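A.B. asks: Below is the structure, and that's it, no one-letter string:
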């Protein structure tokens, strides 16, 4: 049993942060600092130090997700830009989105804040998506609506139909990006259409739409870090645009 667990962990640790030794060590230390340490005797008689038992599952989940987010962010920022530069130099792969913004952590944080809260130059990502949807419905023959709606103003782009932006209200002062379905509910055929719809936005002839699509992809990663949550959708970014992220994650694991 012990060997089976170690073998399984070794396989999974090459795919997810939470199965790595670094994650386990950090997780135990964080909970130990917060809740206190406890010495236990293993089945083979050896002594080991771990955190005291915690009964609040919600707290455990919050700590685990927060730690996973920090590890993803740091590993990606440390590896991502060098991979981006190498791929562009080797293959001229200009479709990739540089999610690291030149390797500048502060620039990434500031851009994400702007997407969430908006600033003097532009509204939040939630307001901008909602405005685009409203605008192309009202004027289906505009340049921005090209290929995204039919002649009656009905949206035909699967990605825009999938996104459900919630603009700020008095009750919820920060906007949210809800989805039509959780990713766990999507069929593979539906996800292929969504990826195609995302690609259509990223390749749109109007620069404003292309920039908004890139901002949506940026928000999708840094809001959920590609985790399997109800409103995560970074996996729907077309592979050629997220190539930098995929290579960086593989290298970090």
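C.D. replies: Good, I have the coordinates. Predicted model, so just to flag it, every value in this text is computed and none were measured.
A.B. asks: Can you identify each of the strands in the stretch 1-150 of the chain by residue range?
C.D. replies: 37-41, 47-51 (DSSP state E, counting those that start in this stretch).
A.B. asks: May I have the strands that pair with the first one, each with its orientation?
C.D. replies: Take DSSP bridges as the rule and strand 37-41 pairs in its sheet with strand 47-51 (antiparallel).
A.B. asks: The partner strand: how far from the chain's middle?
C.D. replies: 34 Å (Cα atoms, centre = their mean, to the nearest Å).
A.B. asks: Format the strands of the stretch 1-150 of the chain as a markdown table; extra columns: mean pLDDT, mean neighbour count and distance to residue 22.
C.D. replies: (Each C-beta comes from the backbone N, C-alpha and C, glycine too.) Output for the strands of the stretch 1-150 of the chain, formatted as a markdown table (pLDDT from 0 to 100; neighbours: other Cβ atoms under 10 Å; distance: least, Cβ to Cβ, whole Å):
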| stretch | mean pLDDT | mean neighbour count | distance to residue 22 |
| --- | --- | --- | --- |
| strand 37-41 | 86 | 10 | 19 |
| strand 47-51 | 83 | 12 | 16 |
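A.B. asks: Make TSV out of those and add distance to residue 173.
C.D. replies: Listed next are the strands of the stretch 1-150 of the chain as TSV, based on distance: least, Cβ to Cβ, whole Å:
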stretch	distance to residue 173
strand 37-41	39
strand 47-51	35
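A.B. asks: I'd like to know which of those is closest to residue 250.
C.D. replies: Nearest to residue 250, of all the strands of the stretch 1-150 of the chain, is strand 47-51, at 30.4 Å by Cβ to Cβ.
A.B. asks: quick one: contacts of that closest one?
C.D. replies: Residues from elsewhere that reach strand 47-51 (Cβ atoms under 8 Å, 6 or more residues apart in numbering): 28, 31, 32, 34, 35, 36, 37, 38, 39, 40, 41, 42.
A.B. asks: Same list (the residues you listed) but as a markdown table, adding distance to residue 96.
C.D. replies: A markdown table is the format used below for the contacts of strand 47-51 (distance: Cβ to Cβ, whole Å):
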| residue | distance to residue 96 |
| --- | --- |
| 28 | 37 |
| 31 | 38 |
| 32 | 40 |
| 34 | 39 |
| 35 | 42 |
| 36 | 46 |
| 37 | 44 |
| 38 | 47 |
| 39 | 49 |
| 40 | 47 |
| 41 | 51 |
| 42 | 47 |
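A.B. asks: Identify, from those residues, the entry nearest to residue 228.
C.D. replies: residue 31 (22.3 Å).
A.B. asks: show me the contacts for the residue sitting nearest the centre point of the chain.
C.D. replies: With distances taken as Cα atoms, centre = their mean, residue 221 lies nearest the centre of the chain, 2.3 Å away. Residue 221 is in contact with 99, 234, 237, 242, 245, counting by Cβ under 8 Å, 6+ apart.
A.B. asks: Span of stretch 39-59 from start to end?
C.D. replies: Using Cα to Cα, to the nearest Å, the end-to-end distance of stretch 39-59 comes out at 22 Å.
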